[in-house]
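>>> Curious how this folds, go ahead:
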Amino acid sequence: DNEMRTLAAILVATAVLATHVAGQVALTGVVRPLTLPSTCQQGTHGIECNPVRLQSHTVDLADFEGQNVRMLGFDVGVECPVFEVFDVQEFPPTTLTRCGSPVPGCELRLRSGPGALSQHWLLISGSSGFLPVSPVEGTFMLGEPFVVLGPVFSGAAEGVAFDFTIPPDVSLTGIEIFAQSARRDVGPIGSLAFSNPVCFTILGPSPPCIEFDC
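Residues are numbered from 1 along each chain as shown. Predicted coordinates for the structure are as follows:
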């Protein structure tokens, strides 16, 4: 499939060049304050579902806590991945939300947006990662190996829903899942952009199933 090859080519090329390219990066994620002690002495904030650390001398990151935003910054990490953020955009080009229940036997939905005339991919892994692609595409934040689902075409405002049923197997309890989506306009064809990472742990069989609200 040509679209799968397009996405794979970007990731492979980035992996090859990542150690040689320095400069501005973009990443999308839900901003959280850093509260746990760490050996890393840099950073005041992070994002959900990824270990990257953030700091800024020009933007008050506390103003964006709990928000899913797109950030532009430079790598200033010495002992760990830390990015100096110089710009925050409140409306990311691609977003990923989760609803439903990560419980064996229940249904789960991951929705990639926004919609309009667009193509969407869903990427799923058992670990997180951090691979800046470009200030346009953003940052791939899953570990290897990962699975790619799509592309799926959207012509609706709400985007694309990827629906799953968690197998009714209690041995899955405790497994961590990390996901990210990629989106591009197709009227005309635009650039790919990676979403915020989403993660969840498969729970035990006792919580009831929750209906979709995304």
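>>> Mind checking what helix or strand follows the lowest-mean-pLDDT helix or strand in the chain in sequence?
Every helix and strand in the chain was compared by mean pLDDT, DSSP states H and E; the lowest is helix 2-17, with a mean of 52. On the C-terminal side of helix 2-17, the nearest following helix or strand under DSSP states H and E is strand 24-33.
>>> what bits of this structure have low per-residue confidence?
Residue ranges of the chain with pLDDT under 70: 1-22.
>>> can we see that at 50?
Scanning the chain with the threshold set as pLDDT under 50 gives 13, 15-21.
>>> So for it, the centremost residue is which one?
Among the residues of the chain, the one closest to the centroid is residue 197, at 2.2 Å (C-alpha atoms, centre = their mean).
>>> Which residue lies closest in space to that one, excluding its sequence neighbours?
residue 49 (4.1 Å; C-beta to C-beta, 6 or more residues apart in numbering). Placement of C-beta: from N, CA and C, glycine included.
>>> One more: residue 96?
residue 195 (4.0 Å).
>>> what do you get for residue 47?
Nearest non-adjacent residue to residue 47, counting by C-beta to C-beta, 6+ apart: residue 29, 3.0 Å away.
>>> before we move on, back to that, dump the residue contacts of the residue nearest to residue 96.
By C-beta atoms under 8 Å, 6 or more residues apart in numbering, residue 195 lies in contact with 28, 92, 94, 95, 96, 112, 180, 181, 182, 183.
>>> Over to residue 92?
Residue 92 touches 28, 68, 69, 70, 193, 195, 196, counting by C-beta under 8 Å, 6+ apart.
>>> Can you tell me how far the last one is from residue 209?
Put plainly, it is residue 196. To residue 209, residue 196 is 25 Å away according to C-beta to C-beta, to the nearest Å.
>>> related to what we said a few turns ago, what are the phi and psi angles of the residue nearest to the centre of the chain?
Backbone torsions of residue 197, given as degrees, to the nearest 10, read phi -80, psi 150.
>>> That one touches residue 180, doesn't it?
Yes: using C-beta atoms under 8 Å, residue 197 makes contact with residue 180 at a distance of 5.1 Å.
>>> which neighbours do the two share?
Joint contacts of residue 197 and residue 180 (C-beta under 8 Å, 6+ apart) are 96, 141, 142.
>>> wait, is the second one part of a strand?
So that's residue 141. Yes: counting by DSSP: H, G, I helix; E, B strand; the rest coil, residue 141 is located in a strand.
>>> that older thread, give me the subset of the contacts of residue 195 lying in strands.
Here DSSP state E is the test, and the contacts of residue 195 give 28, 95, 96, 112, 180, 181, 182, 183 as lying in strands.
>>> if we can go back for a sec, out of the contacts of residue 195, which is nearest to residue 75?
Proximity of the contacts of residue 195 to residue 75 (C-beta to C-beta) peaks at residue 28, which lies at 16.6 Å.
>>> residues contacting that closest one?
68-71, 92-95, 138-139, 193-196.
>>> just those now: which is nearest residue 164?
residue 195 (17.1 Å).
>>> Distance of the closest one relative to residue 117?
18 Å.
>>> Over to residue 185?
6 Å.
>>> Count the residues that sit near residue 55.
Residue 55: 18 surrounding residues under other C-beta atoms under 10 Å.
>>> and the closest residue to residue 119 other than its chain neighbours, what element?
Spatial nearest neighbour of residue 119, chain neighbours left out: residue 151 (4.3 Å); criterion: C-beta to C-beta, 6+ apart. Element membership for residue 151 (DSSP H and E) is strand 146-154.
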